[in-house]
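Trainee: the following comprises the amino acid sequence and a computationally predicted model.
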Amino acid sequence: MDNKADSYKHLVEEGITLMYQGKPEVALRCYGKALKIDPQGSDAWYNKGVCLAMRNHFKEALRCFDKVLEIEQWDTCAWHIKGAWHIKGVCLKELGRYEEALRCFDKALEIDPPDASAWHIKSDCLKELGRYEEALRCADKALEIDPQSSDAWGEKGGSLLMLDRTEEALHCFDKMLEVEPQSAAAWLAKGGCLNILNRYEEALCCFDKALEINPQATATNAWYSKGGCLVMLERTEEALRCFDKALEIDPQHASAWHNKGVCLKEFGRYEEALRCADKALELDPQDSDAWYNKSSCLVNLYRFEEGINCLDHYLKLDPQDSDAWYNKGLVCLGVPNRHEEALRCFDKALEINPQDDLAFEYRSWLLSKLGRG
């Protein structure tokens with residue numbers, strides 16, 4: 001019996017060593033052998049779960065942690081019970097099962113309330129569920145326990161951003177960078193805040209810094225965001241190169257296709273812009289801006305009927321856009337037998353925005369032309 005116990009203990013310890021030496025496959029074999037000796041060995045199940053989670057095999061890891069919690073259900077003081085709840089919560093979060101993850105972190109925090117990591121990951125789950133005020137409270141709790149937690153500063157900043165408290169979010173990302181100055185994610189997030197605040201030159205510096213630190217992990221978002229700033233600064237050629245960079249890395253980035261199309265339209269390259277709008281809509285048929293841009297390209301190519309059809313798609317998605325109704329009215333004026341429809345469009349624009357002087361002027365002109373002035 002002692003020999004079996006010694007063998008079990010040796011295999012678990014060997015597995016842990018191998019796991020942290022970056023040899024997960026061999027470590028898993030050790031845990032498998034240990035569990036053949038003792039199928040109820042909770043520390044073997046626990047470490048097997050940790051190893052699987054480290055390799056992103058979250059569903060398999062969950063089964064291991066469930067086994068730990070089943071074996072140790074009457075011993076809530078067992079050292080790995082809290083860890084099992086915590087890492088089970090992480091696995092569920094990674095699988096997008098946020099409500100279940102929250103219950104796990106609540107269990108972990110019952111056992112160990114001053115666990116800053118559990119508080120900040122709970123904050124992340126709440127943020128994903130759109131419960132931003134609760135997420136903010138959890139991030140604050142994590143920072144109360146550990147003011148140097150860069151993750152908690154990041155979570156707090158993310159929730160504040162979603163609550164449109166951008167200046168406060170910016171402060172959080174600055175604090176994150178004080179703790180972790182080489183965090184590409186923090187530079188990217190700071191740049192996003194500065195972009196929202198119309199501080200485009202500063203935002204550009206942040207996106208460049210993110211790309212310098214980690215060109216792989218942040219590349220698509222950094223290039224895309226940099227392109228957006230350059231558009232606002234009317235540096236369209238540079239913006240176009242940024243969107244091209246983003247699309248080299250991620251050809252499925254619908255917004256990058258849309259914004260590339262907007263840049264091309266600015267240069268009068270309407271056929272190319274149209275292809276970009278089509279690609280954006282292939283990836284995201286609900287992208288109202290892409291429908292609008294496609295319509296504009298078609299109108300500039302004198303393909304008015306198709307342009308009107310695209311505006312109709314846009315107005316289904318955003319029926320309260322008075323400018324779109326006004327523009328549809330203008331396009332209808334250029335198509336035979338659509339003057340009555342143009343009149344209805346100007347009426348709709350004025351219903352939404354009674355101060356639209358141009359819509360009023362065109363409506364008056366059209367009524368006169370139709371002999372109803």
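Mentor: Done, it's in.
Trainee: list the helices and strands the longest helix seen in the chain packs on?
Mentor: Counting residues, the longest helix in the chain under DSSP state H turns out to be helix 2-20. Helix 2-20 sits against helix 24-37, helix 42-54, with contacts defined as 3 or more C-beta pairs under 8 Å, 6 or more residues apart in numbering; DSSP states H and E. Using the backbone N, CA and C atoms, a C-beta is placed for each residue, glycine as well.
Trainee: and the angle from the first one to helix 2-20?
Mentor: I take that to be helix 24-37. 160 degrees (axes from the mean of the first three to the mean of the last three C-alpha atoms, to 10 degrees).
Trainee: again with the shortest one
Mentor: Helix 42-54 and helix 2-20 are oriented at 20 degrees to each other (the same axes, to 10 degrees).
Trainee: excluding its own residues, what touches helix 42-54? List them.
Mentor: With C-beta atoms under 8 Å, 6 or more residues apart in numbering as the test, helix 42-54 has contacts from 8, 11-12, 15-16, 19, 24, 27-28, 31-32, 34-35, 38, 58, 60-65, 67-68, 71-72, 78, 80, 83-84, 87-88, 90-91.
Trainee: and for the longest one?
Mentor: By C-beta under 8 Å, 6+ apart, the list of residues contacting helix 24-37 from outside reads 4, 7-8, 11-12, 14-16, 18-19, 41, 44-45, 47-48, 51-52, 54-55.
Trainee: any chance of a markdown table for the helices and strands packed on helix 2-20, columns mean pLDDT and distance to Gly158?
Mentor: Formatted as a markdown table, these follow (pLDDT from 0 to 100; distance: least, C-beta to C-beta, whole Å):
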| stretch | mean pLDDT | distance to Gly158 |
| --- | --- | --- |
| helix 24-37 | 93 | 31 |
| helix 42-54 | 94 | 23 |
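Trainee: Asn198 is nearest to which of the ones you listed?
Mentor: Distance to Asn198, taken as C-beta to C-beta, is lowest for helix 42-54 among the helices and strands packed on helix 2-20, at 41.8 Å.
Trainee: now the closest one: buried residues?
Mentor: Ser42, Asp43, Ala44, Trp45, Tyr46, Asn47, Lys48, Gly49, Val50, Cys51, Leu52, Ala53 (16 or more other C-beta atoms under 10 Å).
Trainee: for that helix, what is the distance to the chain centroid?
Mentor: Distance, stretch centre to chain centre, for helix 42-54: 30 Å (C-alpha atoms, centre = their mean, to the nearest Å).
Trainee: likewise stretch 83-92?
Mentor: 22 Å.
Trainee: rounded mean pLDDT for that stretch, please.
Mentor: Mean pLDDT, stretch 83-92: 96.
Trainee: next one: stretch 144-156
Mentor: The pLDDT scores in stretch 144-156 average 96.
Trainee: report the buried residues of that stretch.
Mentor: Ile145, Asp146, Ser149, Ser150, Asp151, Ala152, Trp153, Gly154, Glu155, Lys156.
Trainee: list the contacts of the first one.
Mentor: Residues counted as contacts of Ile145 (C-beta under 8 Å, 6+ apart) are Pro114, Asp115, Ala116, Trp119.
Trainee: which of those residues sits closest to Leu177?
Mentor: Distances from Leu177 to the contacts of Ile145, taken by C-beta to C-beta, are shortest for Ala116, at 18.7 Å.
Trainee: go ahead and confirm that closest one touches Ala152.
Mentor: Yes - under the criterion of C-beta atoms under 8 Å, Ala116 makes contact with Ala152 at 6.5 Å.
Trainee: need the overlap of contacts for these two.
Mentor: Ala142, Leu143, Asp146.
Trainee: under the pLDDT cut-off, which ranges of the stretch 51-200 of the chain? List them.
Mentor: 74-79 (pLDDT under 70).
Trainee: what are the ranges of the helices in it?
Mentor: 58-71, 79-94, 98-111, 116-128, 132-145, 150-162, 166-179, 184-196, 200-213 (DSSP state H, counting those that start in this stretch).
Trainee: and the angle from the third one to helix 79-94?
Mentor: For helix 98-111 and helix 79-94, the angle between their directions (the same axes, to 10 degrees) works out to 160 degrees.
Trainee: contacting residues for Cys345?
Mentor: Contacts of Cys345 by C-beta under 8 Å, 6+ apart are Trp325, Tyr326, Lys328, Gly329, Cys332.
Trainee: now distance to Cys242, neighbour count and secondary structure too, for those residues, in CSV please.
Mentor: Shown next, in CSV, are the contacts of Cys345 (distance: C-beta to C-beta, whole Å; neighbours: other C-beta atoms under 10 Å; DSSP: H, G, I helix; E, B strand; the rest coil):
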residue, distance to Cys242, neighbour count, secondary structure
Trp325, 33, 24, helix
Tyr326, 32, 21, helix
Lys328, 32, 27, helix
Gly329, 35, 26, helix
Cys332, 36, 23, helix
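Trainee: right, I'll call it a day here.
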